[in-house]
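Undergrad: For reference, the sequence and a predicted model appear below.
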Amino acid sequence: MRVLILADDCNPEWPSLPVVGYNAARAIAQHVDVVLATHVRNRENIEKQNFGNVKVRYIDNEYIARPLFKFAQLLRGGTEAGWTTAVALSYPSYLAFEWEVWNAFKDELRNGKFDLVHRLTPMSPTLPSPMAAWSPVPFVLGPLNGGLKWPAAFRQELAREREWLTYVRDLYRMLPYQRSTYRRSAALLAAFDHTINDLPTLNQHNAINFPEIGIDPEVFDQVVERHIPAGGAELAGPGPVDLGHVGRCRVGDQGGDQLWTDVVPGKRLEIDMDAGLRLEVGGERRGLRGGQQHRDALAGERLGVVGEGRQREG
């Protein structure tokens, strides 16, 4: 199978979405023949790395992407806030990216050189993909992630983060190419129920629950095997237990009826901290037999954190 992957964000040295796009494309290329269309800004860092079997073509839409990026920076007051604004202003430049991709690949697509087109990034469900309608071969969209509403108790935080466009976010459904994107996609990869529920109702039957989160086994490759008896009731052998947290370090303060970290429970550092505490001070609370014995065995337990956020300040 030969797949054309669209990944505007794809960079091995840039955190968050760009490195996710890079790793995902490299992993897909281990199973199928991949040609990747990505933005020219990613060329320098991609060519410094081993991109495996991926064949890359660089797309240049800087004639519109650069001025819109600078305008978005002005409105956002930098690059650390106002993410809804950033996504909204990337709409014209992303359409230009796909237009340039279509011009570069339309002959190959029409001549059957590809079996599938897959838009990997961006992952926002608010950014449509004209290629879904233009492509003569099946089109796959995703994984998508987004649509989580701000809790009512966090209005001050919303204002501080310059997320004013959140109030009119649903207007994205009226954008050109939005309906055809979901109508013409053969499959919609979407992370978590809240993203699937945000998709057009008529197209949710094509959705596959496909979270994009994970870790790179080439980076986190120190595997320690532990024997756990049937039922998992006992930990085998003495010594420290190493726990790891990979994710955001967001503050979990009570701000009203709902915690921010309760909204995205899988990203709570407090979960891992609490799990370590339970292991250390009360083995019987996990259903382990011989609480004091396990407390002794778990002495020296360690929690490692890989992440970024305001909890580092505490």
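TA: Arrived safely, thanks for sending.
Undergrad: where does the stretch 201-314 of the chain have low pLDDT?
TA: Per-residue confidence for the stretch 201-314 of the chain (pLDDT under 70) gives these ranges: 220-243, 246-302, 307-314.
Undergrad: ugh, wrong one, I meant the stretch 51-200 of the chain
TA: Within the stretch 51-200 of the chain, not a single segment meets pLDDT under 70.
Undergrad: Let me see the ranges of the strands in it.
TA: 55-59, 116-121, 139-144, 187-190 (DSSP state E, counting those that start in this stretch).
Undergrad: Quick one: closest of those to Val32.
TA: Put simply, out of the strands of the stretch 51-200 of the chain the one that sits nearest Val32 is strand 116-121, at 8.2 Å, with distance taken as CB to CB. Using the backbone N, CA and C atoms, a C-beta is placed for each residue, glycine as well.
Undergrad: Give me whichever of the strands of the stretch 51-200 of the chain is most buried.
TA: When you average the neighbours per residue for each of the strands of the stretch 51-200 of the chain (mean count of other CB atoms under 10 Å), strand 116-121 leads with a mean of 25.
Undergrad: partners of that one in the sheet?
TA: Strand 116-121 has its sheet partners listed here by DSSP bridges as strand 2-7 (parallel), strand 139-144 (parallel).
Undergrad: With distance to Trp83 as added columns, please give these in JSON lines.
TA: Formatted as JSON lines, the entries for the strands paired with strand 116-121 read as follows, by distance: least, CB to CB, whole Å:
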{"stretch": "strand 2-7", "distance to Trp83": "19"}
{"stretch": "strand 139-144", "distance to Trp83": "15"}
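Undergrad: To Ala88, which of those strands lies closest?
TA: The minimum distance between Ala88 and the strands paired with strand 116-121 falls on strand 139-144, with 16.4 Å, by CB to CB.
Undergrad: Off-centre distance for the closest one?
TA: Distance of strand 139-144 from its chain centroid, counting by CA atoms, centre = their mean, to the nearest Å, is 12 Å.
Undergrad: for the strands paired with strand 116-121, which one sits closest to Leu175?
TA: Of all the strands paired with strand 116-121, the one in closest proximity to Leu175, counting by CB to CB, is strand 139-144 (14.9 Å).
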